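J.: heads up, no residue letters with this:
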């Protein structure tokens, strides 16, 4: 912020030199970027300094705010300007104008004062010099006062020509789509329907928090003015300012937050100066629409905690003195200091913020540097170990981890939205072609696959653990998921082999995270993004899906080969950790293996066959394992041969084949009845 030394000194009981300011401000966190000598119209010399203000210290974007910091650092007293409101000599303000605020979320507070009968003209030399000292040109006595108060108190103001407001009213609303607006600097803009505007009874007369309009500006013919002083939501101002490429001293301050109590004080200060410089009669009262005055917050600071964090031994009395110099009204009670935080200090929220205030005012250079840093050793968090184990398992299967952008184009992202969900749209100049946050990580992996295709890579295997977003019931829903992609193998049964391999990789991931306390099963499903698809279940609970990507999506991503994909809920997977394993003695007696090949309809799934086999409760069945599926001659079209293996074992003695034969026969009979199976010879 451009700062005038003379202007700064006008708020201190004793003046400071330029060298003192250049020394003091950087020590308390405000570096001086540059300085230059300027000469006022009276011939008096001044020093203009460019002070760097961090984004959380909006209270210091004013001469009073910086003077407060200088006073605290130099042990001087702050002398606030006179903000006494002149006596009202005109009608009640409510009879002269009205204010409607239809957007109190974006405009928490709007106030309006009216002065009638002003005489707009040139500003006095002192006001012109003050503005020139910070690089502003004089416009007229009314506009100059609003600019002066902005740089004095940090509260942006705007003066409207009341008679040029249609209906002599103010309406705070959102702009209509494609509504035109001409700013006070002459630039023309087309507004979007999410932008907040200050309108009269018909059209916008200002972009809220950014810039006033040309039609209602105060000029030489103006006699009645309306003084706006308000609070606008920082994100809304920043978004509008960037979208319109329209920046101002006002938007710079609103983006960083303004003092809720300073709204009325700045309005009073401006009214006082305008009447002094331009005459006129002040209407009685003020129109105030929005939130009531906030109650200052109280924050407690433990003396021991402050010393522990800073690594020094400061007396509680010194801490109280430092906090008192900052205007935080500290009270000490049994080694706990309670501070009442002024409303202009929006950055002070927690105990550690007060500790930082003590550190910077005491002097960061007075905090000794330790030769050794003490660290408390703690074990790695289980979730970190689980993520590492998941990653290592997939890498061992030949997969490569990706880190991709969170943005996708609506055309590629919308097919992956869950039922009842809508896109989480974003508006950003750099993301015009990718206007939504990804609803799934799969679109990102598919775009990565397209890049690999363009450079000639084949046999691609990718995975990523990341967040994805969508809207549901007008709220943003964020999920974390594991997404996997693998190229389908060539050949007539290549897709089946790839699906089985991916299932095996997922089973191994689950085993690495859970041991044998969890089992994976697949349930056939109908998914819009896949041709062959299944829901992935762990211990009977669905946590994701798996399948071969549909032809329409392959075309959308311009992929020339088929891919198999899977997405799983990441928190559910990580919650399986740590693994638990049951162990027992090695079998003492040999088992008997029986392979059975049956011909069934293509519509019959392995899960159906598995459940029917288990339903017969074969005695001494130790393991049931899928082996393979075959389609082709001599199997008729529409049918397939499924081969599975049954392992029988008696823990007490060696089994004989005649003991197993009845159980196998029972399984065959069951499958014939339930799924129309025929034993293949």
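T.: Done, it's in. Please read all numbers here as calculations on a predicted model, not as lab measurements.
J.: how far does stretch 15-35 sit from its chain's centre?
T.: From the chain centre to the centre of stretch 15-35 is a distance of 35 Å (CA atoms, centre = their mean, to the nearest Å).
J.: tell me the domain ranges of the protein?
T.: 2-74, 90-290, 297-366, 382-574, 592-679 (automatic domain parsing).
J.: how about the strands in the stretch 451-600 of the chain?
T.: Ranges of strands within the stretch 451-600 of the chain are 461-472, 475-487, 520-524, 530-538, 541-549, 563-569, 592-601, based on DSSP state E, counting those that start in this stretch.
J.: highest mean neighbour count out of those strands?
T.: strand 563-569 (a mean of 23; mean count of other CB atoms under 10 Å). (Each C-beta comes from the backbone N, C-alpha and C, glycine too.)
J.: just to revisit the earlier point, residue 80 is nearest to which of the domains of the chain?
T.: Among those, domain 2-74 comes nearest to residue 80, with 6.8 Å by CB to CB.
J.: got the end-to-end distance for the closest one?
T.: One end of domain 2-74 to the other measures 21 Å (CA to CA, to the nearest Å).
J.: pLDDT averaged over it, what's the number?
T.: Domain 2-74 carries an average pLDDT of 94.
J.: where does the stretch 201-350 of the chain dip in pLDDT?
T.: Filtered on pLDDT under 70, the stretch 201-350 of the chain yields no residues whatsoever.
J.: how about the strands of the stretch 451-600 of the chain in CSV, adding mean pLDDT?
T.: Putting the strands of the stretch 451-600 of the chain into CSV (pLDDT from 0 to 100) gives the following:
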stretch, mean pLDDT
strand 461-472, 96
strand 475-487, 95
strand 520-524, 88
strand 530-538, 92
strand 541-549, 95
strand 563-569, 96
strand 592-601, 94
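J.: reformat those strands as JSON lines; add distance to residue 663.
T.: Shown next, in JSON lines, are the strands of the stretch 451-600 of the chain (distance: least, CB to CB, whole Å):
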{"stretch": "strand 461-472", "distance to residue 663": "41"}
{"stretch": "strand 475-487", "distance to residue 663": "38"}
{"stretch": "strand 520-524", "distance to residue 663": "23"}
{"stretch": "strand 530-538", "distance to residue 663": "28"}
{"stretch": "strand 541-549", "distance to residue 663": "31"}
{"stretch": "strand 563-569", "distance to residue 663": "36"}
{"stretch": "strand 592-601", "distance to residue 663": "9"}
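J.: per-residue confidence averaged over the top helix by length along the chain?
T.: If you go by DSSP state H, the chain has its longest helix at helix 494-514. Across helix 494-514, the average pLDDT comes to 94.
J.: in it, what counts as buried?
T.: 495-496, 498-499, 501-503, 505-507, 509-514 (16 or more other CB atoms under 10 Å).
J.: quick one: the domains of the chain as CSV, columns for distance to residue 376 too.
T.: Listed next are these as CSV, based on distance: least, CB to CB, whole Å:
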stretch, distance to residue 376
domain 2-74, 29
domain 90-290, 36
domain 297-366, 13
domain 382-574, 17
domain 592-679, 48
